[in-house]
Structures are given as C-alpha cells and as structure tokens.
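1. following is a predicted model, sequence given first.
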Amino acid sequence: MDKPAKIAPPKGKLGVLLPGMGAVGTTFMAGVELVRSGKAQPVGSLTQMGTIRLGKRTDNRSPLIRDFVALAKLQDLVFGGWDIFPENSYEAAARAGVLEPHHLKEVKAFLSKIKPMPAAFDRNYVKKLDGKNVKKGKTKYDIALQLKADIANFKKKNQCARLVMLWCGSTEIFLAPEEAHSTPEKFEAAMKANHPAIAPSMLYAWAAITSGVPFGNGAPNLTADIPALLQLAQEHGVPVAGKDFKTGQTLLKTVLAPAFKARMLGMNGWFSTNILGNRDGEVLEDPGSFKTKEESKLSVLEYILQPHLYPQLYGKICHKVRINYYPPRGDNKEGWDNIDIFGWLGYPMQIKVDFLCRDSILAAPIVLDLVLFLDLAQRAGMRGIQEWLSFYLKSPMTAPGLYPEHDLFIQLMKLKNTLRWMMGEDLITHLGQEYYD
Ligand SMILES: NC(=O)c1ccc[n+]([C@@H]2O[C@H](COP(=O)([O-])OP(=O)(O)OC[C@H]3O[C@@H](n4cnc5c(N)ncnc54)[C@H](O)[C@@H]3O)[C@@H](O)[C@H]2O)c1
C-alpha cells in the first residue's frame, strides 16, 4: 500500500469529546492542563516523550515522535463530554480521588468550567449506576440525533477545527454482534425500534462516525466493533480504535507471556486477581459488566501462546481472572498474578507478580495518545479500524477473520512502522545484515 498522499497539518483547535467524565476522563484532562502549563511531565505518553529511530542504527536519527509526525499541540486541545452525573469535572475529579490535593487545587478553575452534557444512558446496560443528567427521547434514534446536535454545537461554540471522541464511560453489559448490527440500515431501524441490541455507547459511536468524528473506545463494550458502524466509518472517512485500555495487569500479561513463548517455556495456569475500590470496580461487580471485562482480559493469552501450534506447552492452561470491589483502595488497584510455568523435562516453577498500580494514572496517557493518533490518522486519510493502535488496547479491533496481535512489542513495532510508513521513511525490520557486510 502506498503511503498517504499528504497529511493535512493540525491547524486550529482539536475538540476532545468524552462520553464518561469520571476517574479516567478527569485525570486525563487535569494532566493535559498541568503539562501544558509546565507543572508536570507527560509520563507514560509515547506521543509526548517517545522517540522513533529512523534509518540505520549508525545514522543517529531518533527524533521525538511529536517532532517527526505533525500531531495536534496540547495547547490546542479543548475538552467536553457527557456524563449521567451533573457535577463539573473538578467535582468529579475530587470525588474520584485520584489526584493529590495540590494538583486538584492547581486545576480547579480549569476543571470547574468543564460541565458534562446530559448523557445517553439506560440502566439496562450499566446496572450499578443511576444518574439524573440523562437525555430524554421516544426512541434511541431521537437520542442519537441529540448527540449529533451536541457534537455540532460543541464544535461551533469552541471554534474547533476538528474533533475526536473517546469513550471513557463505564463498562456496559456483554453484547454479541447480531443482525441489528449488520448494516447501517438495519442499525438505524433498530435504533428507531428501541431494539435491545443497541447500547447507549453505540449511539455515541454512531453520532460521532456519522458526524465525521474519529471514535475510540477505552472500555471493552462492543460499541463500534460491529459491521454497521465500521461500514459507516469507511463511508465517512473516520478512523476508529478499540477496545479497552491496556493499562495494568493485562499490560504485564502481554509482556510476560511473549517471553515464556519465546523461550518455549510451558504453562499450566495463570490466576489473576484484583482489588479496586473506584466506581469502575463498583460497576464491574455486576455480572453483566464483569463478563464484558472478563472476555477482554481472558482473550490475550490464547492469542499470544497459540495452544493450537504448541499443544504440549499451552494445551491445558487454566486461566482465571477475578475483580473484587474493595472500597478502601479507591483508584489504587492491586493486581496479583500467580503464574505456573514449566521448563526442561517438565519441571514446574512459579512466578508471582504484585502490581500496586494507579488505574487512572496509567490510563490517562493512553487517552492522550489515542486522541492525538486518531486525529493524525484522519488527517492522513486513514479510515476504519486503526490496527496500529492495538498497542494501547486489551481487545484490539481487527479486520474480519484476522486474529489480534497482543504481544506488546509486536504492537509497538507495528505502531512505529506505521508512523515511518506515513512519513515515507524506510520500515525497520531489525534484519541488520548491512552492518556486517
Ligand atoms: N483505569 C483503567 O486502568 C482502565 C483500564 C481499562 C479500561 N478502563 C475503562 O475505562 C472506563 C472509565 O473508567 P473510570 O475509572 O473512569 O470509571 P468511572 O466510573 O470513574 O467513570 C466512568 C463515567 O462514565 C459515566 N457513564 C456511564 N455510562 C455513561 C453513558 N452512557 N454516557 C455518559 N457517561 C456515562 C459514569 O457516570 C462515570 O462518571 C471504564 O469502562 C473502565 O472499565 C479503565
């Protein structure tokens, strides 16, 4: 495939629209404001801190990614979104309890001005939540049209040149693709008929895509990962990425599992458990929402270890994932992993990982990178699923029939090679024969 003909420059303001302005959303916005006012470093963000090697190892060309590709500047980002709770983003951030008081104080004036628009919400899809800041309409289609109007008004009011939407809302119940998701026409008819296959997150995705706005999904909900919306994304020239931010336990899983496979070490089991006390943890107590998350967390090992190719090593793995809502921990999750592996002659070994992490601190830079890269992709004329953004996601979307690549380092290589390809630079294969000729 030829490289994109021309990447439009990132002129003007980029509006960032978040359905769901809770712990992750507010930590992201607060962080951008602290970074652009010179009060903090964008730690964890590849777009802000990462470099990219170009040419040969002997060329010494490793510019910052943000100097290599034309990304929107942090100064040009403006924020908005929707939530079922009417609190402004300062109040929501204070409630989420992620940021220390001194940081909260510094962003109080900025966050207080960001007020969520009434949400498209239905308790049937997130059973543990109930809020008053919710849109009314006879049909799901009416609500989706209201979201489209919100998008247009936000763009006009804030004089944005471009927009990106990223779902940072709660995890909805598990849904499988079905007939109502198969074509744009059937999807629209299903919205008009209030069909249960249409979840609120899908209304946001439909509104964004049909408004020409790139859409990303930070939760494991099905949302845009259905033929109807992917076809619309093609038709409207819209890039999409999802699903589910890869932040803590799964990030480590997709680092460790490729190492065992690379060395042909076998595995009998992997037990992962978590305690967390934020609202996300509370939502995930509902079996419907937990199933969506569980599917997302479970799928990675199967794809990385390829038991069909290595039945002696990975044919009988017991893989379990548990999430326990434990309020005292707030957003500071603890994730334990017990891994039972075996080596030469089948001798067993164990590995224990105890990651005392901060959920939203890990997620916020991913939100930033996805926003900036989705905007870049659109300016480069790339549409539909952006598989090169799998690096950030636990359940990467792929073309039909293609298995997802979960190995973090393959994902990183794919991401960087995509940037090189976009800019007409040589891809890096790591062959390196030329150094020894
Ligand atoms: N933090 C992480 O490490 C991480 C990793 C992967 C995925 N996620 C996912 O990101 C999402 C956000 O996480 P969080 O910790 O910010 O949760 P949170 O509960 O603090 O925030 C989610 C917000 O979404 C709102 N919401 C729910 N349904 C909505 C709707 N239909 N429209 C508008 N708003 C809606 C809720 O009211 C809440 O304020 C969750 O789905 C979570 O599973 C988080």
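-> Yes, it's here. Residues are numbered from 1 along each chain as shown.
2. near the ligand, which residues of the stretch 101-250 of the chain are found?
-> Those residues of the stretch 101-250 of the chain that sit near the ligand, judged by CB under 6 Å from any ligand atom, are 119-121, 126, 129, 131, 168-171, 200, 218-219, 244-245, 247-248. Glycine gets a C-beta too; all of them are placed from N, C-alpha and C.
3. and the strand of greatest length in the chain, what's its mean pLDDT?
-> Across the chain, the strand with the greatest residue count (assigned by DSSP state E) is strand 266-276. Per-residue pLDDT values across strand 266-276 average out to 94.
4. so which of the residues of the stretch 101-250 of the chain next to the ligand sit within strands?
-> When DSSP E defines the strands, the subset of those inside them is empty.
5. residue ranges of each domain in the protein, please.
-> Here the chain is described, according to automatic domain parsing, as comprising the domains 13-245+360-422, 249-356.
6. gap between the longest one and the chain center?
-> Taking CA atoms, centre = their mean, to the nearest Å, the mean C-alpha location of domain 13-245+360-422 is offset from the chain mean by 7 Å.
7. what number of residues lie near the closest residue to the ligand within the chain?
-> With CB to the nearest ligand atom as the measure, the residue in the chain that lies nearest the ligand is Gly22; the distance is 1.9 Å. Residues lying near Gly22 (other CB atoms under 10 Å) number 27.
8. surely it and Ile84 touch.
-> No: taking CB atoms under 8 Å as the definition, Gly22 is not a contact partner of Ile84, at 9.8 Å.
9. ok, Leu415 - contacts?
-> Contacts for Leu415 were tallied using CB atoms under 8 Å, 6 or more residues apart in numbering; they are Leu46, Trp388, Leu389, Ser390, Phe391.
10. pull the number of nearby residues for Tyr435.
-> Using other CB under 10 Å as the criterion, Tyr435 is surrounded by 9 other residues.
11. where along the stretch 251-400 of the chain do the strands fall?
-> In the stretch 251-400 of the chain, the segments counted as strands under DSSP state E, counting those that start in this stretch are 266-276, 318-325, 334-342, 348-356, 384-385.
12. TSV please, covering those and showing distance to Ala70.
-> Formatted as TSV, the entries for the strands of the stretch 251-400 of the chain read as follows, by distance: least, CB to CB, whole Å:
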stretch	distance to Ala70
strand 266-276	38
strand 318-325	40
strand 334-342	37
strand 348-356	35
strand 384-385	21
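13. which SS class is the spatially closest residue to Arg379 that is not a sequence neighbour?
-> Residue nearest to Arg379 in three dimensions, not counting chain neighbours: Ala8, with 4.2 Å by CB to CB, 6 or more residues apart in numbering. Assigned by DSSP: H, G, I helix; E, B strand; the rest coil, the conformation of Ala8 is coil.
14. and Pro86, how many residues sit next to it?
-> Counted by other CB under 10 Å, the residues lying close to Pro86 total 16.
15. what sits against it?
-> Residues in contact with Pro86, defined by CB under 8 Å, 6+ apart, are Lys115, Pro116, Gly131, Lys132, Asn133.
16. assign it to helix, strand or coil.
-> In three-state terms, and counting by three-state DSSP, Pro86 is coil.
17. and what of Gly401?
-> Assigned with three-state DSSP, Gly401 falls in the coil class.
18. quick one: contacts for it?
-> Contact criterion CB under 8 Å, 6+ apart gives no residues in contact with Gly401.
19. with the one 5 residues further on instead?
-> Remark: with contacts taken as CB under 8 Å, 6+ apart, His406 is in contact with Thr254, Ala257, Ser299, Val300, Tyr303, Ile304, Ser390, Pro396.
20. redo those as a markdown table? Include neighbour count and pLDDT.
-> Putting the contacts of His406 into a markdown table (neighbours: other CB atoms under 10 Å; pLDDT from 0 to 100) gives the following:
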| residue | neighbour count | pLDDT |
| --- | --- | --- |
| Thr254 | 24 | 92 |
| Ala257 | 22 | 95 |
| Ser299 | 20 | 82 |
| Val300 | 21 | 88 |
| Tyr303 | 16 | 91 |
| Ile304 | 21 | 92 |
| Ser390 | 27 | 96 |
| Pro396 | 28 | 95 |
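21. touching, Asp426 and Gly55? I think so.
-> Yes: judged on CB under 8 Å, Asp426 makes contact with Gly55 at a distance of 6.7 Å.
22. give me the buried stretch members for stretch 137-150, please.
-> Neighbour-count burial for stretch 137-150 flags Lys140, Tyr141, Ile143, Ala144, Leu145, Gln146, Leu147, Lys148, Asp150 (criterion: 16 or more other CB atoms under 10 Å).
23. mind listing residues that contact it?
-> Counting contacts by CB under 8 Å, 6+ apart, the residues outside stretch 137-150 that touch it are 82, 117, 120, 135, 188, 190-195, 198, 200, 203-204, 206-207, 210-211.
24. which of the residues you listed count as buried?
-> Here, 16+ other CB under 10 Å leaves 82, 117, 120, 135, 188, 190-191, 195, 198, 200, 203-204, 206-207, 210-211 buried among those.
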